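1. need a 3D model of the sequence below.
(chains A and B)
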Number of protein chains: 2
Amino acid sequence: MQEFTAKTLNQFLEELASSAPVPGGGSGSALAGALGAGLLSMVCNLTIGKKGYEDVQEEMRRILARSEEIRLTLPKLLQADTEVYSQVMAANRMPRKTDDEKTARDAAMQKALQAAAEIPLQIAALCAEIVELCLPAAQKGNKWAVSDAGVGALLAEASMRGALLNVEINLASIKDAAFVSAMRERMARITTGKAELKEQVMSVVLRTIQGS
Amino acid sequence: MQEFTAKTLNQFLEELASSAPVPGGGSGSALAGALGAGLLSMVCNLTIGKKGYEDVQEEMRRILARSEEIRLTLPKLLQADTEVYSQVMAANRMPRKTDDEKTARDAAMQKALQAAAEIPLQIAALCAEIVELCLPAAQKGNKWAVSDAGVGALLAEASMRGALLNVEINLASIKDAAFVSAMRERMARITTGKAELKEQVMSVVLRTIQGS
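-> Predicted structure coming up:
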């Protein structure tokens, strides 16, 4: 299969809109998260080496390094997300006439569902990190690019929540209660405070725009 | 200039992250809005012609028609957004040594800023429509695709707010108070109730996932 990131935007949007099960919401979340990371990187790149921002150079370099890591990782997770989904579909197609077949299918299904829950959780965790990094970028980065930090936070927070819907879908069919409960704890850690953080970024952005 | 939608996802993300002023937050918002529209279309395409959804066929076709229109329009507005930005930059580079030059530059600048405010407002309006259409899609569409309607609403609402930040940036430099006030009224009409609507979609999605 062609890597999704080698597709054109047009191709990707066409395939997303089609009735093909992938790309779907998981892929859309990963890509929108990468857009958020790209915008955060842009703010850093417009601050590094710029006059008037001498005091924040080190911090902007550190944010950029992590933002770029995340921007390059999210498309890989987009790809991984479509692959684990194929495994769930493959398990679903396994024969289930005899009891042995049913047991084998069930085991394959549960394993595939757990893998399919893990990938969007990782996507959500990286999107949450982008939301966090957008705050210092909005506060201390190039003020002419402050709105880009705002859009970055908006898209990353929405992508985080979107990816977690895909975790939820898989959790609804997973029977291992300990696995489900551990995943719910991780989800709570990822989301806590992120909506408020995003609004904080938005306040900084609006104040900076209206004050300039 | 190459059409943005003919670029690969990788290329677009690289250019977004770079210090080049375009693509920036306006482009990111338009693209994420198109992702939201694509996901809404996917839900419709997975409902049309499906057993058990006989009663909603006409409604889903109507939603799909509008969703596809918006999905195909947002990339054009992305392109238009980068072009009006170039006009602002061009006006900014006009000579301003004599009073006549200053007057001409000011007029060109104000005209370009008004055009540059209009495009992201149109992007925001289309994103807001996607949020609205995601609710019936989540309520009545294929329940196996309900999370895609949820991600669609999340991305479209974030994109709407992101695009409006780019309207704000331009309004901050526009001197025509009547124009600014008319734009603010349009912005208010676009955003009113959209955050609540998005959360309503999310509730439907979570109830459907957990009940299935």
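
2. could you list the low-pLDDT ranges of chain A?
-> Residues of chain A meeting the criterion pLDDT under 70: A:1-2, A:212.

3. ranges for the helices of it?
-> A:9-17, A:25-45, A:57-92, A:99-140, A:146-171, A:177-191, A:194-211 (DSSP state H).

4. off-centre distance for the last one?
-> The chain centroid and the centroid of helix A:194-211 are separated by 21 Å, computed with C-alpha atoms, centre = their mean, to the nearest Å.

5. next one: the longest one
-> Relative to its chain's centre, helix A:99-140 lies at 9 Å (C-alpha atoms, centre = their mean).

6. same check, this time on the second one
-> Distance of helix A:25-45 from the chain centroid (C-alpha atoms, centre = their mean) equals 8 Å.

7. same thing with stretch A:89-100?
-> Distance, centroid of stretch A:89-100 to centroid of chain: 32 Å (C-alpha atoms, centre = their mean).

8. please apply the same query to stretch A:130-143.
-> With C-alpha atoms, centre = their mean, you get 18 Å for stretch A:130-143.

9. who touches it?
-> With C-beta atoms under 8 Å, 6 or more residues apart in numbering or on different chains as the test, stretch A:130-143 has contacts from A:33, A:36-37, A:40, A:43-44, A:46-47, A:50, A:53, A:56, A:59-60, A:63, A:66-67, A:70, A:146, A:149-150, A:152-153, A:156-157, A:160, A:194, A:197-198, A:200-201, A:204-205, A:208, A:212. C-beta: built from backbone N, CA, C; applies to glycine.

10. spatially nearest residue to A:Gly25, not counting backbone neighbours?
-> Computed as C-beta to C-beta, 6 or more residues apart in numbering or on different chains, the closest residue to A:Gly25 that is not its neighbour in sequence is B:Val151, at 3.7 Å.

11. ok, that neighbour - how many residues close by?
-> 34 (other C-beta atoms under 10 Å in any protein chain shown).

12. how much space between the residue nearest the centre of chain A and A:Leu46?
-> Geometric centre of chain A, nearest residue: A:Ile123, 3.6 Å, by C-alpha atoms, centre = their mean. Remark: distance between A:Ile123 and A:Leu46 (C-beta to C-beta, to the nearest Å) = 26 Å.

13. ok, A:Gly26 next?
-> 31 Å.

14. the two: who's more crowded?
-> Neighbours were counted for A:Gly26 and for A:Leu46 using other C-beta under 10 Å; A:Gly26 has more, 30 against 23.

15. for the residue in chain A sticking out farthest from the centre, phi and psi?
-> In chain A, the greatest distance from the average C-alpha position (C-alpha atoms, centre = their mean) is reached by A:Thr98, at 40.4 Å. Phi and psi for A:Thr98, reported as degrees, to the nearest 10, are phi -90, psi 170.

16. got it, and A:Tyr53?
-> With angles defined as degrees, to the nearest 10, A:Tyr53 sits at phi -120, psi 30.

17. tell me, how many residues neighbour it?
-> A:Tyr53 has 17 neighbouring residues, counting by other C-beta under 10 Å.

18. how about it, nearest residue that isn't a chain neighbour?
-> Counting by C-beta to C-beta, 6+ apart, A:Tyr53 lies nearest to A:Thr47, which is 5.0 Å off, once chain neighbours are set aside.

19. again with A:Trp144
-> Spatially, and ignoring its direct neighbours in sequence, A:Trp144 is nearest to A:Leu46 (7.1 Å; C-beta to C-beta, 6+ apart).

20. can you pull the contacts of the one you found?
-> A:141-142, A:144-145, B:19.

21. which of those residues are buried, as a PyMOL select command?
-> A single PyMOL command is used to select the members of the contacts of A:Leu46 judged buried by 16 or more other C-beta atoms under 10 Å in any protein chain shown:
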select buried, (chain A and resi 141+142+145) or (chain B and resi 19)
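
22. just put the contacts of A:Leu46 in JSON lines and tack on distance to A:Thr103.
-> What follows is these, written out as JSON lines (distance: C-beta to C-beta, whole Å):
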{"residue": "A:Gly141", "distance to A:Thr103": "56"}
{"residue": "A:Asn142", "distance to A:Thr103": "60"}
{"residue": "A:Trp144", "distance to A:Thr103": "62"}
{"residue": "A:Ala145", "distance to A:Thr103": "57"}
{"residue": "B:Ser19", "distance to A:Thr103": "57"}
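
23. A:Lys97: how many residues sit nearby?
-> Using other C-beta under 10 Å: A:Lys97 sits among 7 other residues.

24. so how far is A:Lys111 from it?
-> A:Lys97 is 21 Å from A:Lys111, by C-beta to C-beta.

25. also A:Lys102?
-> Distance from A:Lys102 to A:Lys111, by C-beta to C-beta: 15 Å.

26. ok, and does stretch A:170-190 reach over to chain B?
-> Yes. Against chain B, stretch A:170-190 shows contacts by C-beta under 8 Å from any C-beta of the partner chain at A:Ala172.

27. give me the distance between that stretch and the centre of its chain.
-> 18 Å.

28. A:Ala156 contacts A:Leu31, correct?
-> No. A:Ala156 is beyond contact range of A:Leu31, at 11.8 Å (criterion: C-beta atoms under 8 Å).

29. who has more neighbours out of these two?
-> Shown here are A:Ala156 and A:Leu31; by other C-beta under 10 Å, A:Ala156 has more neighbours (33 against 29).
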